[in-house]
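[1] what follows is a predicted structure for the sequence shown.
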Amino acid sequence: QVQLVESGGGLAQPGGSLRLSCTASGLTFSTYTMRWYRQDPGKEREWVASITSDGGTTSYAAAVKGRFTISRDNAKNTVYLQMNSLKPEDTAVYSCNAIFGYLNYWGQGTQVTVSS
C-alpha cells in the first residue's frame, strides 16, 4: 500500500520560514517525479513545485519562485519544501504528489498558516 505522509506544517509569521517533508512508502520512490501542491478553502488546487526522480531538475510556480526550494533524499524516500519569506497568501493545505507514468499518488496534506 502506497502512503505519502506530509509533516512540518504549522503557524509562521510573515517573513518566516517552514520546512515541509513528505515521506513515501510502498513505492520505488527514486523513480517518481515529486510535486507539491497547495489549496486554500474556496480556491482551486495550485501547483507549487516539482522535482524530477533524480533531483536534477526543479521547477516552481511564479508565486513562490525565489522563496521556496524543493529537494529530495532518495535514500530516505523523502521530498522537502523549504519555504522562506512566507506571506499570508501562502496560507493553504500543502500536499505532496508522486507521479510515475500513469501511477499518481497523493498525501493527506499539512496545514500552513502565515499570520501575525
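    Now that the structure is in, tell me what you want to look at.
[2] can you pull out the residues in contact with the helix or strand that contains M34?
    Remark: M34 resides in strand 33-39, with elements defined by DSSP states H and E. Residues from elsewhere that reach strand 33-39 (CB atoms under 8 Å, 6 or more residues apart in numbering): 20, 22, 45-53, 70, 72, 79, 81, 90, 92-100, 109, 112. All C-beta spots, glycine's among them, are computed from the backbone N, C-alpha and C.
[3] skip the chain neighbours and tell me the closest residue to T28.
    F100 (7.9 Å; CB to CB, 6 or more residues apart in numbering).
[4] quickly list what the one you found is bridged to.
    L103 (DSSP bridges).
[5] from S116, how far off is the spatially most central residue of the chain?
    Nearest to the mean C-alpha position of the chain, by CA atoms, centre = their mean, lies W36 at 3.2 Å. Distance from W36 to S116, counting by CB to CB, to the nearest Å: 24 Å.
[6] T57 now?
    36 Å.
[7] swap in E44?
    Taking CB to CB, one finds E44 at 26 Å from S116.
[8] what do you get for G109?
    In this view, G109 and S116 are 24 Å apart by CB to CB.
[9] compare these two (neighbour count), which wins?
    G109 (18 against 8; other CB atoms under 10 Å).
[10] so that one makes contact with N97?
    No. Counting by CB atoms under 8 Å, G109 stays clear of N97, with 10.5 Å between them.
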